[in-house]
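>>> Please find the sequence and the predicted model below.
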Amino acid sequence: MAFVTLPLALFRKRPPEVEELRARQLARVRRLLPSGHSLLNLERMSLERLAAVGDSLEHRAEAEQKGFTLLRSWLSPDQRRQFDEKSYFEVIGGDTGTRYRIHRGHVVNVVALNAAGREARRLCFGPEGKLATGDIMLAQKIALETMERAALVTANVHAPNRQVTAGDRMLTIFDQHWRYVELPIMVIAAIGFFSSLCVLAYGIIEPLR
Amino acid sequence: MAIQVVMDHTGDTRHHFDANDEAAVEEARKRFVRLTQAGFTAAVRPGQGTSALARRFDPTAEETVFFPRLVGG
């Protein structure tokens, strides 16, 4: 008997109340889903599953909202304006004075700028765990302002448009510590230059004697 | 009212306490120690748009934010 009732149950029309609830849940989930997300599977979901997905997305949206509210309360008026207009804000590294741009997002969203204000490298770091985007951005801001070196050591470094290698990491470290070795190198170079001049002068004058 | 804001998957959890209430301050101090020992970083806001690390519990701090340890992405 089951081989007759089972296919019939599959084609049985749902009561209109259930259909209405389902349509409402479907609309709610579609509203909460990030744009571009495939909706194919939603059509096949049960009412209970749709409700669960809707609840989960609603909680996520609330968390995101709270995260951005907290972030905005910690930004200066200029940073807030910049964030509203450009979806990023800039902070100054507490140790090196480097300017960083923190973009809205949570993956490879921190950009270190060079003296000309151009993108020098991209950094990927953030607080552990599944946090709201605003919270991640706030943690990145605090970290760069108050413990920049620790953040840089933790961060994965990416050059624009490519994955950064160990060589790039070395360059990053060199860049950070250049000011400490700059003067000794210049002194050694100057001594070398004047020594060469003396040797050259000696080489010219000595044969003339 | 002072506040401790702990970042988590819900956005954040907020713990308000009265800086004049000894028991509440003690509870806040314990929370501070518990969280920082668990790897959270505590930060306060000395001025608009600026931040500073809070290495010790400060009952006079108006707002302290805690975020989990940093990891490379």
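Structure's in. What do you need?

>>> so where do the strands sit in the chain?
Picking chain A for this. Under the criterion DSSP state E, chain A contains strands at A:88-92, A:99-103, A:110-113, A:119-127, A:156-159, A:162-163.

>>> you looked at the wrong chain, it should be chain B
Counting by DSSP E, the segments of chain B that form strands are B:2-8, B:11-17, B:41-44, B:52-53, B:63-67, B:70-72.

>>> Mean neighbour count for those strands - can I get that in a markdown table?
Placement of C-beta: from N, CA and C, glycine included. Output for the strands of chain B, formatted as a markdown table (neighbours: other C-beta atoms under 10 Å in any protein chain shown):
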| stretch | mean neighbour count |
| --- | --- |
| strand B:2-8 | 20 |
| strand B:11-17 | 16 |
| strand B:41-44 | 22 |
| strand B:52-53 | 15 |
| strand B:63-67 | 23 |
| strand B:70-72 | 16 |
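
>>> what residue lies at the spatial centre of chain A?
Nearest to the geometric centre of chain A sits residue A:109, at 2.2 Å (C-alpha atoms, centre = their mean).

>>> From chain B, how far off is the closest residue to it other than its chain neighbours?
Residue nearest to residue A:109 in three dimensions, not counting chain neighbours: residue A:103, with 4.3 Å by C-beta to C-beta, 6 or more residues apart in numbering or on different chains. For residue A:103, the distance to chain B equals 13 Å [C-beta to the nearest C-beta, to the nearest Å].

>>> same question, residue A:128
Noted for residue A:128: a distance of 4 Å to chain B, by C-beta to the nearest C-beta.

>>> Run a quick neighbour tally on that residue.
If you count neighbours by other C-beta atoms under 10 Å in any protein chain shown, residue A:128 ends up with 13.

>>> doesn't residue B:71 make contact with it?
Yes. In this structure, residue A:128 is within contact of residue B:71 by C-beta atoms under 8 Å, at 5.0 Å.

>>> and the nearest residue to residue A:32 once chain neighbours are set aside, what is it in contact with?
The shortest distance from residue A:32 to any non-neighbouring residue, by C-beta to C-beta, 6+ apart, is to residue A:57 (3.8 Å). Neighbouring residues of residue A:57 by C-beta atoms under 8 Å, 6 or more residues apart in numbering or on different chains: A:29, A:32, A:33.

>>> Buried only: go through those for me.
Listed as buried from the contacts of residue A:57 are A:29, A:32; burial here means 16 or more other C-beta atoms under 10 Å in any protein chain shown.

>>> For the contacts of residue A:57, give me CSV that also has distance to residue A:87.
Listed next are the contacts of residue A:57 as CSV, based on distance: C-beta to C-beta, whole Å:
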residue, distance to residue A:87
A:29, 26
A:32, 21
A:33, 21
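
>>> wait, which of the contacts of residue A:57 is closest to chain B?
Within the contacts of residue A:57, the smallest distance to chain B is 15.6 Å, found for residue A:32 (C-beta to the nearest C-beta).

>>> looking at the strands of chain B, which is closest to chain A?
Closest among the strands of chain B, using C-beta to the nearest C-beta: strand B:11-17, at 2.8 Å.

>>> Closest approach to chain B from chain A, which residue is it?
Chain A approaches chain B most closely through residue A:76 (2.4 Å), counting by C-beta to the nearest C-beta.

>>> Surely residue A:148 touches residue A:99?
No. Assessed by C-beta under 8 Å, residue A:148 is found out of contact with residue A:99, at 11.5 Å.
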